[in-house]
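S.K.: Structure here, sequence nowhere to be found:
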């Protein structure tokens, strides 16, 4: 052993002049916690050396009464060769600290770069570092919790985040590519569910306007259907009923040859057909029934004969006024265009045995419904002055109303038996 260095006192412990003592000190510094990875040049901690390169343990150092110093400077070291022929290190001599502000001499040459330790695997915290001095405190690893990830991160940089903050913290949603719509997220609570249901409902004004609009649409559709029924469908039904009644009469008359028409008006029940009227100019053919009841006679497309309190004559009577009534609009409308008749036009009434031909003589465009003088045996306003065999056609006017009555008068000009064939007015 050599003497103590110039800067060591007698009680500072042995100097590192002995190679064996120095190697033992170096071995004690090779701790796996301080040197976890091997060096780039193959030298490093003996804990991570291959088994073939493990060197034998050095001989124990000579006994000394001084403890091993802990304040030795930790400098990068290289692998210690197994056989040392010359001192690997110069004798230890602690350097004095340079005065502040005075640059030291030549800076020490940097040794080979020490390899960086590998990062600890995810999920396992790094091992704490054991202090090299008994008075030092162990360094505990700091576990980084990582950035807090929010559900809706703001994209677009600082400007987008600033705009989102101005809008009250609402985040701008990134545009999604076209694809199937994402399913609706269920409400988190009953309160949110009630709010969502309340928001989905339309306001009361909108509901009322929809109901009123639907009612008007329904009412308009019903009115259109009613108009179509009155103007078209009632005519279809009335023509079908009138044609059936006329055909029935003609079949009955075909089996009653030689039967006389001389019967009292009371011989026919209300609604019973007994004659057929023809207006060649208007191409009208309709059965004549007893009575002027609206539903039983007129609405069925037939022409009614005034009877009862307003009883009038029959065609086969020697004198009198044969008064008839019919619809001008809807329900067959047999008298729709009687306003086009002029003096000289013919009207033919066919019974079971005779054709009675009348010639139009006068026309009254409008009169009150209460004016019953127009159907008297000598009708007032017709121009007739004495009894005769007359005919009177009455209908409502103006069209599609029943405010007034339109009147057409005529007188009989021919009575032709059926056995002699049809009259000239029906043949032409």
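M.R.: Received the coordinates, thanks. Keep in mind the model is a prediction, meaning the values are calculated, not measured. Numbering: from 1, shown residues only.
S.K.: Any stretches of the stretch 51-200 of the chain with poor pLDDT?
M.R.: 51-156, 168-188 (pLDDT under 70).
S.K.: Now do the helices for the stretch 151-300 of the chain: every range, in order, please.
M.R.: 158-166, 190-200, 204-228, 234-254 (DSSP state H, counting those that start in this stretch).
S.K.: Of the ones you listed, which stretch is the most buried?
M.R.: Ranked by mean neighbour count, the helices of the stretch 151-300 of the chain are led by helix 234-254 with a mean of 16 (mean count of other C-beta atoms under 10 Å). Every residue, glycine included, has its C-beta placed from N, CA and C.
S.K.: Now do that helix and helix 204-228, the angle between them.
M.R.: If you take axes from the mean of the first three to the mean of the last three C-alpha atoms, to 10 degrees, helix 234-254 sits at 20 degrees to helix 204-228.
S.K.: From the contact counts, what lies against helix 234-254?
M.R.: Secondary-structure packing of helix 234-254 (3 or more C-beta pairs under 8 Å, 6 or more residues apart in numbering; DSSP states H and E): strand 273-279, strand 284-290.
S.K.: I'd like to know which of the ones you listed is closest to residue 319.
M.R.: strand 273-279 (18.2 Å; C-beta to C-beta).
S.K.: Name the spans of the stretch 251-400 of the chain whose pLDDT lies under the cut-off.
M.R.: 256-266.
S.K.: so residue 325 touches residue 294, yeah?
M.R.: No. Residue 325 lies out of contact with residue 294 (C-beta atoms under 8 Å); the separation is 9.8 Å.
S.K.: More neighbours: the two, which one.
M.R.: residue 325 (22 against 12; other C-beta atoms under 10 Å).
S.K.: okay, now the domains of this protein?
M.R.: 19-53, 239-257+271-427 (automatic domain parsing).
S.K.: In contact with residue 361, which residues?
M.R.: By C-beta atoms under 8 Å, 6 or more residues apart in numbering, the residues touching residue 361 are 343, 382, 383, 384, 409, 410, 411.
S.K.: Is the second one in a helix, a strand, or coil?
M.R.: Assigned state for residue 382: coil (three-state reduction, DSSP: H, G, I helix; E, B strand; the rest coil).
S.K.: May I see the helices and strands packed on helix 234-254 arranged in CSV, with mean neighbour count and distance to residue 317 as well?
M.R.: Below are the helices and strands packed on helix 234-254 laid out as CSV (neighbours: other C-beta atoms under 10 Å; distance: least, C-beta to C-beta, whole Å):
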stretch, mean neighbour count, distance to residue 317
strand 273-279, 23, 13
strand 284-290, 24, 15
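S.K.: Can you tell me which of those strands is nearest to residue 157?
M.R.: Closest among the helices and strands packed on helix 234-254, using C-beta to C-beta: strand 284-290, at 90.9 Å.
S.K.: Given that closest one, what are its sheet partners and their directions?
M.R.: Strand 284-290 sits in its sheet next to strand 273-279 (antiparallel), strand 303-305 (parallel), going by DSSP bridges.
S.K.: Those strands: which one's closest to residue 196?
M.R.: strand 303-305 (69.2 Å).
S.K.: got the buried residues for stretch 347-362?
M.R.: 347-361 (16 or more other C-beta atoms under 10 Å).
S.K.: hmm, who's touching whatever helix or strand residue 324 lives in?
M.R.: Using DSSP states H and E, residue 324 sits within strand 320-325. Strand 320-325 has contacts (C-beta under 8 Å, 6+ apart) with 277, 288, 292, 298, 303-306, 310, 312-315, 349, 375-379, 387, 389-395.
S.K.: Next secondary structure element downstream of that strand?
M.R.: Counting by DSSP H and E, what follows strand 320-325 is strand 346-350.
S.K.: so which of the strands paired with strand 284-290 gets nearest residue 210?
M.R.: strand 303-305 (49.1 Å).
S.K.: Quick check: buried residues in stretch 296-305?
M.R.: So for stretch 296-305, counting by 16+ other C-beta under 10 Å, buried means 297, 298, 299, 300, 301, 302, 303, 304, 305.
S.K.: Sorry, slip of the keys, the one I care about is stretch 367-379.
M.R.: Going by 16+ other C-beta under 10 Å, stretch 367-379 has these buried residues: 367, 374, 375, 376, 379.
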